[in-house]
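Trainee: Sequence first, predicted coordinates after that:
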Amino acid sequence: MTEFDVHSYPDLKDKTILLTGATSGIGLETARLLSQTPCTLILHGRNPAKLARVEAELRASGGPATIKSEIADLSLMRNVRGLARRVRENHPGLNLLINNAALSQRNAEMTADGLEMTFAVNHLAPMLLAMELSPVLRCNAPSRIVFLGSMGHRFCIVNRRQIQSWNMPWGIIRYCCSKTLVMAAARKLGELLDQSGVSVLSVHPGSIPTTDVFNVPLLRPFSLNVKDGAEAVVNAALAPELQDAHGAYFNRFKLEKPGLQVRDPRSVEFVWRESLEFLGISEQAALNLVLGGT
């Protein structure tokens, strides 16, 4: 592969991008790359002080991007809806959503909504945000939704009786299960939006043990650095040849067939219905939201 060049992608001056989890790890490095292009870049973070520092850094770097920011705690679904509402109102030209924000915790933790934290942040939040922003993305088609997946989805089995994985003894397996779920949701959204001009894909950016999300010592000999991961994310977000990727999965820059739980239609439908129930959204309401009542 030739050396990565973020300026090689076309029409960046016309891009309005929402990047979640932009204050650390792959998200921060992705923000740094995108800030060197003439896009409008909306940075999301949970911590106001960290978000302000990143915003100041990117503006001081002299890149041509117009930098905006939004604060939201994605563990609370009302905050996810609030974030989507503000983006729809303040950035009606949005045509790219990068669902990067994620976490990995040693122990299960309950959110104020009564949900398991990893399940809420890694799966329900990006699924809901994508659904809530579908109307504006459809209006601005061709547009794109990128979910950060994980090759770890191949090494876990989602418990259909307990998809939140409350009793899972290892945080990394809980993380991988949450990525399996969000990749299945991405596949469903890709199918629904197939004729809308909105492409949907999942990308595994590589094993990046230096980040808080994937700090697994055994993986360090096989690891990439944060910049490597960000380059894969940016390519998934901007490569024009991926505009027809509806629910596809990429292992960094390579199209791959995902694991059975992500590609099996029955499994995907199960994840979709169960997730809507957790979100308190009926299937018809979800269709009306995603497809505009069509």
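Mentor: The structure has been received and is ready for your questions.
Trainee: would you say V203 is within a strand?
Mentor: Yes: assessed by DSSP: H, G, I helix; E, B strand; the rest coil, V203 belongs to a strand.
Trainee: so it touches E231, yeah?
Mentor: No: judged on CB atoms under 8 Å, V203 makes no contact with E231 at a distance of 10.8 Å. For glycine as for every other residue, the C-beta is placed from the backbone atoms N, C-alpha and C.
Trainee: Who has more neighbours out of these two?
Mentor: Taking other CB atoms under 10 Å, V203 and E231 do not tie; V203 has more neighbours (29 against 25).
Trainee: Quick one: residues contacting the more buried one.
Mentor: V146, F147, L148, G149, A232, V233, A236, Y249, F250, N251, R252 (CB atoms under 8 Å, 6 or more residues apart in numbering).
Trainee: hmm, try it at 10 Å
Mentor: 98, 100, 146-150, 183, 186, 229, 232-237, 242, 245, 248-253 (CB atoms under 10 Å, 6 or more residues apart in numbering).
Trainee: Among those residues, which ones are in strands?
Mentor: Per DSSP state E, strands hold the following members of the contacts of V203: I98, V146, F147, L148, A248, Y249, F250, N251.
Trainee: what about the host helix or strand of T30, distance to the chain center?
Mentor: According to DSSP states H and E, T30 maps onto helix 25-34. Counting by CA atoms, centre = their mean, to the nearest Å, helix 25-34 is centred 13 Å from the centre of its parent chain.
Trainee: and after that helix, which helix or strand comes next?
Mentor: Downstream of helix 25-34, the first helix or strand assigned by DSSP H and E is strand 40-45.
Trainee: ok and that next one relative to helix 25-34, angle-wise?
Mentor: Inter-element angle recorded for strand 40-45 and helix 25-34: 160 degrees (by axes from the mean of the first three to the mean of the last three CA atoms, to 10 degrees).
Trainee: Now strand 40-45: average pLDDT?
Mentor: Here strand 40-45 scores 98 as its mean pLDDT.
Trainee: so what strands line up beside it?
Mentor: strand 16-19 (parallel), strand 66-71 (parallel) (DSSP bridges).
Trainee: Next, please give the residue ranges for the helices of the stretch 151-294 of the chain.
Mentor: Using DSSP state H, counting those that start in this stretch, the helices of the stretch 151-294 of the chain run over residues 171-192, 226-238, 260-263, 265-279, 283-291.
Trainee: tell me, what residue is most central in the chain?
Mentor: N99 (1.9 Å; CA atoms, centre = their mean).
Trainee: Tell me the pLDDT of the closest residue to it other than its chain neighbours.
Mentor: Spatially, and ignoring its direct neighbours in sequence, N99 is nearest to P126 (3.6 Å; CB to CB, 6 or more residues apart in numbering). For P126, the pLDDT comes out at 98.
Trainee: hang on, isn't P126 packed against L97?
Mentor: Yes: checked against CB atoms under 10 Å, the pair P126 and L97 is within contact range at 8.7 Å.
Trainee: which residues do those two both contact?
Mentor: The contact lists of P126 and L97 share T20, I145, V146, F147, where a contact means CB under 10 Å, 6+ apart.
Trainee: pLDDT weak spots in the stretch 101-250 of the chain?
Mentor: 152-154, 168, 206-224 (pLDDT under 70).
Trainee: one more time with 90, if that's ok
Mentor: 104-108, 149-176, 205-229, 244-245, 247 (pLDDT under 90).
Trainee: before we move on, the earlier item: and of the shared contacts of P126 and L97, the nearest to T37?
Mentor: V146 (15.7 Å; CB to CB).
Trainee: number of nearby residues for the closest one?
Mentor: Going by other CB under 10 Å, the residues that sit close to V146 add up to 30.
Trainee: so it sits right up against L129, yeah?
Mentor: No: V146 lies out of contact with L129 (CB under 10 Å); the separation is 11.9 Å.
Trainee: Can you pull the residues that touch both of these two?
Mentor: Common neighbours of V146 and L129 (criterion: CB under 10 Å, 6+ apart): L97, N99.
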